[in-house]
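Chemist: need a 3D model of the sequence below.
(4 chains)
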Number of protein chains: 2
Amino acid sequence: MLKHGILGLLSYYDRTGYEIMEVFKNSLSFMWNANTSQVYRELQNLKDSGFAQVTVIEQDGKPNKKVYSITEAGREELLQWAGDYENLKFPNFPILMKLFFGGMLPKEEAIAAIQKVKQVYCERGRELEKLLSCLDSYKAETENRNYAMFWDMTADFGRGYARFVADWCDRCVEQIEKSREENK
Amino acid sequence: MLKHGILGLLSYYDRTGYEIMEVFKNSLSFMWNANTSQVYRELQNLKDSGFAQVTVIEQDGKPNKKVYSITEAGREELLQWAGDYENLKFPNFPILMKLFFGGMLPKEEAIAAIQKVKQVYCERGRELEKLLSCLDSYKAETENRNYAMFWDMTADFGRGYARFVADWCDRCVEQIEKSREENK
DNA sequence: AAGACCATGTAACCAGTTACATGATTAG
DNA sequence: CTAATCATGTAACTGGTTACATGGTCTT
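Modeler: Predicted coordinates for the structure are as follows:
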């Protein structure tokens, strides 16, 4: 998965591993968690498979850069991946797995846990909102506004998802509180 | 993650690897994809860590069963995991990663892809709905209805999520169609 | 002087996936 | 007789995580 994500970013323009990490960290974290070591490893793999090439750029003073660019074979691979919606995977939801066994916690603790989840997701939502306003100014510069439409759609998903989770947390807390009163 | 999920199921009552798989496949697939080989491996790990024990039950004719049960150490581990909501991970969303690069597809193809996503999620939603009605009868038998409340909450998430994705798909298709008309 | 930012990775590990392998019983 | 269900796994691989490692520049 990450492999193709990197390939996609390279298809926009050439980048270093560091720059790719930045994009994932600052802009795409709502859809994918990437970590440095994996990014560098995948870049190596991409090169080995002939999907990307590397150009070393020497810098005065600063450490050298390795700028990666996508190859023709890489573009083909990317396009075929981007159009393949067969056997799509459903995500795993760690919070659900945990909350499924929430019945073994004291109710106060369960409530606190859910409120923490909510808080984290609200924070996420706010970050995304900030990101979106940055994106707007960036989109104006972009030549291909067809791409931008799809960026918006994914961001819209992220925003909606954060809200959905927060609302669900509220319902959960309400329900636990109600059951607590009934047991009095 | 799966390790603790299995431990949780064992905390309700003893089970074989096969029975654990059944639960994941039939009831928990909306929150976690488990596959057979991993389940058996994790059961082995659980045993090696002293969190579970195994009893071999010989069956006449049929192949032997290995029934796993949770140990005291296992219960402690489970409880501490179930209450730990620090550094919770956000899920990765493969569809988003893909759709982010949807701009490189012909619009008709992109629309078809999203409609496929919608269809798959609607199907999921219907499966869940069926599951929920089964769960209701099962819950009646259960002694501890505190647990059942948490099962409901996770199922409610699943249902809501399926609906959320389907609605989002509709909005995406609409948007692409609108942009197609503008470009005429 | 301290901390953020730029820039690169390796090694070991853990978790999840795919493919392969076997074999009996039971229901249609 | 065929397919589904019960029941167990191993091996190899892929993908993601954690910890470790280095070192310069630029800003406060």
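Chemist: would the worst-scoring helix or strand of chain A on mean pLDDT count as contacting DNA strand C?
Modeler: Across the helices and strands of chain A, mean pLDDT, DSSP states H and E gives its lowest value to helix A:107-141, namely a mean of 88. No. Under the criterion of C-beta under 7 Å from any atom of the strand, DNA strand C is not reached by helix A:107-141; the shortest gap measures 14.9 Å. Quick note: C-beta positions are derived from backbone N, CA and C, even for glycine.
Chemist: got a list of what A:Leu46 touches?
Modeler: A:Lys3, A:Ile6, A:Leu7, A:Ala52, A:Tyr68, A:Gly74 (C-beta atoms under 8 Å, 6 or more residues apart in numbering or on different chains).
Chemist: which residues touch the fourth one?
Modeler: With C-beta under 8 Å, 6+ apart as the criterion, the residues that contact A:Ala52 are A:Leu7, A:Leu10, A:Leu43, A:Leu46, A:Tyr68, A:Ser69, A:Ile70, A:Thr71, A:Gly74.
Chemist: flag every buried residue along the longest helix anywhere in chain A.
Modeler: The longest helix of chain A (DSSP state H) is helix A:145-182. For helix A:145-182, the buried set under the neighbour-count rule, 16 or more other C-beta atoms under 10 Å in any protein chain shown, comprises A:146-162, A:164-166, A:168-169, A:172-173, A:175-176.
Chemist: what does stretch A:34-50 give?
Modeler: Using 16+ other C-beta under 10 Å as the test for burial, stretch A:34-50 gives A:Ala34, A:Val39, A:Glu42, A:Leu43, A:Leu46, A:Lys47.
Chemist: what of stretch A:5-13?
Modeler: Neighbour-count burial for stretch A:5-13 flags A:Gly5, A:Ile6, A:Leu7, A:Gly8, A:Leu9, A:Leu10, A:Ser11 (criterion: 16+ other C-beta under 10 Å).
Chemist: out of those, who's nearest DNA strand D?
Modeler: If you rank the buried residues of stretch A:5-13 by distance to DNA strand D using C-beta to the nearest atom of the strand, A:Gly5 comes first, at 8.4 Å.
Chemist: is it correct that the closest one is in contact with B:Lys98?
Modeler: No. A:Gly5 sits out of contact with B:Lys98 when judged by C-beta atoms under 8 Å, with a separation of 9.0 Å.
Chemist: show me what from chain A comes close to DNA strand C.
Modeler: A:16-19, A:21-22, A:36-37, A:40-41, A:43-44, A:59, A:62-67, A:89, A:92.
Chemist: ok, of the residues you listed, which come out buried?
Modeler: Judged by 16+ other C-beta under 10 Å, buried ones among the residues of chain A next to DNA strand C: A:Thr16, A:Gly17, A:Met21, A:Leu43, A:Lys65, A:Val67, A:Asn92.
Chemist: sorry, back to before: out of the buried residues of stretch A:34-50, which sit inside helices?
Modeler: Using DSSP H, these in helices are A:Val39, A:Glu42, A:Leu43, A:Leu46, A:Lys47.
Chemist: and the pLDDT at the third one?
Modeler: So that's A:Leu43. A:Leu43 carries a pLDDT value of 97.
Chemist: picking that back up, from the buried residues of stretch A:5-13, which two are the most distant?
Modeler: A:Gly5 and A:Ser11 (10.7 Å; C-beta to C-beta).
Chemist: I'd assumed A:Glu19 was in a helix, is it?
Modeler: Yes. Judged by DSSP: H, G, I helix; E, B strand; the rest coil, A:Glu19 forms part of a helix.
Chemist: distance of it relative to B:Asn87?
Modeler: Applying C-beta to C-beta, to the nearest Å, the value for A:Glu19 to B:Asn87 is 26 Å.
Chemist: what's the answer for A:Ser133, then?
Modeler: 28 Å.
Chemist: report the lowest-confidence entry in the buried ones among the residues of chain A next to DNA strand C.
Modeler: Minimum pLDDT for these is recorded at A:Lys65 (89).
Chemist: phi, psi of that residue?
Modeler: phi -110, psi 150 (degrees, to the nearest 10).
Chemist: and of the buried ones among the residues of chain A next to DNA strand C, the nearest to B:Met104?
Modeler: A:Leu43 (20.7 Å).
Chemist: from memory that closest one sits against A:Gly17, does it?
Modeler: Yes. The criterion here is C-beta under 8 Å, and A:Leu43 meets it with A:Gly17 at 5.4 Å.
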